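# Could you look at this predicted model? Sequence included:
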Amino acid sequence: MRLEPRTEATFWLRAMAPILAVMVALALCGFLILWAGAPLLEAYAALARGALGSRFALSETLTRATPLIFTGLAVAVAFRAKLWNIGGEGQLYAGALAATWVGTGAIDLPAYLMIPVIFSAAAVAGGLLLLLPTVLKIRLKVDEVVTTLLLNFVVLLFVNYLLFGPWKDPLSMGWPQAAPVVDSGLLPNLVDRTRLHFGFVAGLAAAVAVWVVMRFTHWGFEIRAVGLNTPAAVFAGIPVNATVVRTALLSGGLAACAGVTEVCGTKGYLTLDISPGFGYTGIAVAMLAGLHPLAVVVSAIFVAAIYNGADSMSRAVGISNYLADVMTAVALLAVLVSSLLVQYRIRRG
Amino acid sequence: MFVSVGFWAATVRMATPLIFGTIGELICERAGVLNLGIEGIMTFGAMIAWMWVYQGGDLWTAVAVAAGCGAAWGLLHAIFSVYLGLSQHVTGIGITLLASSLSYFSFRLLLPDVSTPPKIQPFESIAIPGLSEIPVLGEALFTQTALTYLALATVPLCWYVLYRTPLGLAVRMVGENPMAAASQGLDVLAIRAGAVCTGSALMSMGGAFLTISVFDAFYFEMINGRGWICIALVIFASWRPGKALFGALLFAAFDALQIRVQQASSTLIPYQFFLMLPYVLSIVALIIMSRKAAYPKALLVPFRRGER
Amino acid sequence: MPSNAVQSPPVLSIRGISKRFGDIEANRDISLTLSAGEVLALLGENGAGKTTLMSILFGHYVADAGSIQVNGRPLPPGSPAAAIGAGIGMVHQHFTLADNLSVLDNVVLGTERLWSPLQRRRKARDRLSALADRFGLTIDPDARIGDLSVGERQRVELLKALYRDARILILDEPTAVLTPQEAEALFQTLAEMVSNGLSIIFISHKLNEVLAIAQRIAVLRHGSVVGEYDRAETSRTELATAMVGRAVASPNRTRMQAGKPILELRAVDLWHNNSRLRQASLTVHQHEVLGIAGVSGNGQTALADLVSGLCVPETGELVVLGRPRGGHTPARMVAAGVGRIPEDRHKAGVVHEMTVSENLVLESYRHPEFSHFGWLRAGRILEHARELMERYDVRGAGPDTRTRSLSGGNMQKLILARVLSRRPPLVLACQPTRGLDVGATAYVHQQILDARGRGSGILLISEDLDELLTLSDRIMVIYQGELSAAVPAEQADRAQLGLLMSGQRTTGQSSGSDHAA
């Protein structure tokens, strides 16, 4: 048996890859449910109900999808340029720090100015955070996988320091959390009696914007060329280093926006647990989307649905909601394999 | 401080998981495969070894079980990255996500609502007669637990196999020029897969050391980036086992130092900054070594048979 | 031996081998035999299926149909180990050596039991020296491969095969990387081997070599054997016609008066990508092709990268179109009017996963014609692609096809279209026909001469002396980063160039004057 490259893959074939992967993930995780001794169908029914079964469930899923759209886009952009940014988690917290700093009294503006200012400040913070590993990569050939990963820990400890130290809200009754964001900085609610906030719309807008940039501008052209064949890009005179830096700023900025949506939208203040690994989950989101910006939205909603569904499944049949993490990871690995089937056909002999 | 037995003993103890992890990663990378699954594999090793002992199993069997599970994760990695030739970056991240979430899932399955994880009876330290009576260094080095001795033994063993046996030559060759190995009739994919399995088994033992030799219990997030630090150490060590041991010890010494300074000066500098040190140091080490880094030539490059 | 070679049973017989890669039929029903002590040449142009056939024989590929027998026993398919066990040794066109390991490491790899707890280094070293002495292949067993010259690396490859007791040796284009003199030495070594009873399959597309060394010649064309010839009973023309299938008109090079200087290098020193230039000076004029001959690895990369804008001179000066250029980049070189055809079209020339139309604007996507305030003008880009594909005869794809699916020849046409359509005053062509079939080669040659006719100056870097002698007005030889004096192509002879390529300075009438018109 061997693999033979396909010359052209149809749209439907490419769309099948993630769907196939998800089916495999659901099936494999069925064994875990059985291992835990829970009724399979009931568990999956609870998962589906919790994910999409009611107005409230749906709104919760979209709320959870919001940061995932941003971290997913961050990964999609970076991976397109073969910039292995695994630091989404750190950039998210950098954005959250910036949002908290601006949003808790550094300035006060009317909401229509305040919110863009917060997003911009966060994007700058996230972009700068990724800039360091990127410059090290370009100038000194330091592997960015390791540096971005290690920076996640550094940033998280810094947040820890601030929340137990100078930024600790005196009114928080001892909890490590920062002061609440001023009203003008809060992202408005979209639907009454839900937590769904403006951040979701911002996520959709970001996805469209990223798609437009990648598809229709010369920056997108450069990012694709650099990612697909760096030596050819260098030879053709494409400013490779500038392109990588630009990609880093965009990617880090996008991941940081996820911090804004959590601090200014979902929570209202900064805590140590605003992100249960959204930065890492973003990798799965982006891979499931085949690194396509618009598909990231769908994939983020799907992954969020699994997480929310797993919470209610956990309550209904008593299985740990870590199952959602397992499912996402299996889907990530499965989509890798199925993408192989899109690129290659299997020949015997 | 540098003459205190406690400091050097702590250094050697803290270096142990790093030695396992770094040598494990080194073996993978020498064969041309970057194993970003290390963080998850260490987590799984820690969990499974602890669980084995907690369920009444024997300590050494627990080490074997951890190694076996590590090898199994390595095999999964190899199926993806070696046999299917998929991106080593994404495969590794996927393995880390899967192995750690599966560890947490299994832990919760066994202990649904325990907040403080129960302790087990760990390995006891063994004083090597004679050697352990050498002042300071002897006391520090030779009153460790069995797994630490095992880790220290791994280094010369790894060196010997890599540089003095046909198998080691084959491993180095598939990491440098897989086509050369294939045209000599060697099964490149099998050698790479074998290296990844072996390396992953060692990583898993590094994780097991933490639960059944140091902390006596399994905590969430207990690996805490040690895996990533090992990857940095491999680069720092220029893919050489001896330097890897040196790097791990140096690193652990800084870590031990950091804890002592932290205890002495907790009011002046917040402890979080001390906790950042290992990660910052790793980055600094990477910056220092990066210019000279001579990567195995075929690292990250998948090998497909019969491809033109 | 040769007299009874015909009666003795064949050491190797290949029967009915067929192999497809996708839509390409690389081998079609090939049958061949090889006798003991015989040199069989496999002649065919690039893409005729020679390398595929040998890769099947050596177990790298598995044939779709057919069988192979060695000494009457069937050879299991798809296993290099089995091939080695049966006494087959192969010297690949691209050496399969690990640069960071020693000669001895490379040679003994795979000859010991994998699980043996120790290596018998001393025994291996003795055996290696004995073999080296016997066949005159001296080499330091502890040298690092990366420090060896190309000729020495080939010796290591030969020793590797001999160390494994190969009785059948396959050499794939072994002279491609050698000077004529080194090739001569190789032929002597091969003769020595044959007299020791080895059988050799010699793969080449060079007629002279084949006639010099082989007893029998099998010609491959489009994946099939189109004829088998005895050396004594054939001729160059017969072989050439068999190989190409039709008579090929060599391109017409009319005499032209060289014009103003377009490119000047003045005493350039440079160290880049493991490639060195020493005090290199040259001048390319309008209406002129300046050929640079040399064995690969003698500074061609540095020269090409310098003119491509990938690096800058450490000392000395680079003058393009009369303007000295400092701090130049690829983009600035393109803007200054340098058209660059890279050596490795797959790696540097095109982005496989981008479309043909995108690759055609890879150097000019920021030009106002194709982008407007940062927005790509998709319509223009597509139109531009259609026009160029038509004009430069890029076939087998549409503007929206991924470039990966193009054949080598069409990919090179794409690059020619991108480069030449802008009518650059200076063209840098590095190995422009490497790996192309005769038709595509002729096309590329014609395009280069057309550019010369339009007034461009062309710097042609090639390892193919025939190509250089056909196209160039003047030829310089590069050896270890130093350029020889330019020789007018009409006066150049192969032996003299060969000596220069191996580092011997010609005495006598080296005019040395860089005669500009």
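Noted; the coordinates are in hand.
# Distance from stretch C:342-362 to the middle of the chain?
20 Å (CA atoms, centre = their mean, to the nearest Å).
# Quick one: mean pLDDT for it?
Computed over stretch C:342-362, the mean pLDDT rounds to 93.
# next one: stretch C:192-209
Across stretch C:192-209, pLDDT averages out at 89.
# What are the buried residues along that stretch?
For stretch C:192-209, the neighbour count (16 or more other CB atoms under 10 Å in any protein chain shown) marks C:193-194, C:198-207, C:209 as buried. Heads up, the C-betas are built off the backbone N, CA and C, glycines and all.
# Over to stretch C:342-353?
Buried residues in stretch C:342-353 (16+ other CB under 10 Å): C:Pro342, C:Glu343, C:Arg345, C:His346, C:Ala348, C:Gly349, C:Val350, C:Val351, C:His352.
# Compute the first-to-last residue distance for that stretch.
One end of stretch C:342-353 sits 18 Å from the other (CA to CA, to the nearest Å).
# same question, stretch B:123-142
One end of stretch B:123-142 sits 15 Å from the other (CA to CA).
# And the contacts of it?
Residues from elsewhere that reach stretch B:123-142 (CB atoms under 8 Å, 6 or more residues apart in numbering or on different chains): B:3-5, B:7-9, B:11-12, B:59, B:143-147, B:149, B:212-213.
# Could you report the neighbour count for the residue lying closest to A:Ile223 once chain neighbours are set aside?
Counting by CB to CB, 6 or more residues apart in numbering or on different chains, A:Ile223 lies nearest to A:Ala81, which is 4.8 Å off, once chain neighbours are set aside. Per other CB atoms under 10 Å in any protein chain shown, the neighbour tally for A:Ala81 reads 25.
# Flag every residue of the stretch 351-500 of chain C that's near chain A.
Counting by CB under 8 Å from any CB of the partner chain, the stretch 351-500 of chain C comes close to chain A at C:351-354, C:358, C:362-363, C:365-366, C:371, C:374-376, C:378, C:401-402, C:404-405.
# so C:Lys339 is in which element?
In this structure residue C:339 is Gly, not Lys. strand C:338-341 (DSSP states H and E).
# Output the contacting helices and strands for that strand.
On a contact count with 3 or more CB pairs under 8 Å, 6 or more residues apart in numbering or on different chains; DSSP states H and E, strand C:338-341 meets helix C:300-308, helix C:330-336, helix C:408-420, strand C:426-430.
# got the angle between the first one and strand C:426-430?
To tie it back to what came earlier, the one meant is helix C:300-308. 150 degrees (axes from the mean of the first three to the mean of the last three CA atoms, to 10 degrees).
# what's helix C:300-308 in contact with?
Contacts of helix C:300-308 (CB under 8 Å, 6+ apart): A:235, C:263, C:265, C:268, C:270-277, C:280, C:292, C:294, C:311-313, C:318, C:330, C:333, C:338, C:340, C:342-343, C:426, C:428, C:430, C:459, C:461, C:478, C:481.
# After it, heading C-terminal, what element do we hit next?
Counting by DSSP H and E, the element after helix C:300-308 in chain order, helix or strand, is strand C:315-320.
# Check the offset of the helix or strand just after that following strand from the chain's centre.
Downstream of strand C:315-320, the next assigned helix or strand under DSSP H and E is strand C:323-324. Here strand C:323-324 is found 33 Å from its chain centre; the criterion is CA atoms, centre = their mean.
# how many neighbours does A:Val226 have?
So A:Val226, with other CB under 10 Å, has 26 neighbours.
# Can you give me the distance of whichever residue of the stretch 51-200 of chain A sits closest to chain C to C:Glu353?
Going by CB to the nearest CB, chain C is nearest to A:Arg80 of the stretch 51-200 of chain A, at 11.0 Å. The gap separating A:Arg80 from C:Glu353 is 11 Å, by CB to CB, to the nearest Å.
# Show me what from the stretch 51-200 of chain C comes close to chain B.
Residues of the stretch 51-200 of chain C found near chain B (CB under 8 Å from any CB) are C:58-62, C:79-85, C:90, C:92, C:94, C:96-101, C:105-106, C:108-119, C:160.
# wait, what's in contact with B:Thr198?
The contact partners of B:Thr198, taken as CB under 8 Å, 6+ apart, are B:Gly24, B:Ile27, B:Ala71, B:Gly74.
# how does it look with 7 Å?
B:Ile27 (CB atoms under 7 Å, 6 or more residues apart in numbering or on different chains).
# Backbone torsions only: list them for it.
With angles defined as degrees, to the nearest 10, B:Thr198 shows backbone torsions of phi -60, psi -50.
# excluding its backbone neighbours, what's nearest C:Leu468?
C:Gly291 (3.9 Å).
# Please disregard the earlier target; I meant C:Asp99.
C:Gly146 (3.7 Å).
# now A:Ala248
A:Thr134 is the one closest to A:Ala248 (CB to CB, 6+ apart), at 3.9 Å.
# Please work out how many residues are found near the one you found.
27.
# do the same with C:Glu363
22.
# Please verify my assumption that it contacts C:Val334.
Yes. Contact criterion CB atoms under 7 Å: C:Glu363 and C:Val334 qualify, at 5.1 Å.
# coming back round to it: tell me the most buried of the helices and strands packed on strand C:338-341?
strand C:426-430 (a mean of 26; mean count of other CB atoms under 10 Å in any protein chain shown).
# Outside of that one itself, list whatever touches it.
So strand C:426-430 is contacted by C:262-263, C:284, C:304, C:307-308, C:320, C:337-343, C:419, C:448, C:451, C:456-461 (CB under 7 Å, 6+ apart).
# so what strands line up beside that strand?
Applying DSSP bridges, strand C:426-430 is found paired with strand C:338-341 (parallel), strand C:457-461 (parallel).
# Let me see the contact set for A:Ala81.
Each residue near A:Ala81 by CB under 7 Å, 6+ apart is listed here: A:Ile223, A:Val226, A:Gly227, A:Thr243, A:Val244, A:Thr247.
# again with A:Val146
B:Trp228, B:Ile231, B:Ala232, B:Leu286.
# The same query, at a cut-off of 8 Å, please.
Applying CB under 8 Å, 6+ apart, the residues contacting A:Val146 are B:Trp228, B:Ile231, B:Ala232, B:Ile235, B:Ser282, B:Ile283, B:Leu286.
# shaky segments in chain A?
Per-residue confidence for chain A (pLDDT under 70) gives these ranges: A:1-9, A:346-349.
# mind redoing it with 90?
By pLDDT under 90, the weakly predicted segments of chain A are A:1-22, A:36-38, A:105-109, A:111, A:141, A:165, A:169-176, A:191-193, A:317-321, A:338-349.
# C:Pro62: how many residues sit nearby?
Actually, residue C:62 is Val. It isn't Pro. C:Val62: 17 neighbours (other CB under 10 Å).
# before we move on, what about A:Asp108?
14.
# Touching, it and A:Met114? I think so.
Yes. Counting by CB atoms under 8 Å, A:Asp108 touches A:Met114, with 7.2 Å between them.
# Which helix in chain A has the most residues?
For chain A, the helix with the greatest residue count under DSSP state H is helix A:111-140.
# roughly how far apart are the residue in the stretch 401-517 of chain C that chain B sits nearest to and C:Leu414?
Distances between the stretch 401-517 of chain C and chain B by CB to the nearest CB are smallest at C:Gly408, namely 11.1 Å. Distance, C:Gly408 to C:Leu414, using CB to CB: 11 Å.
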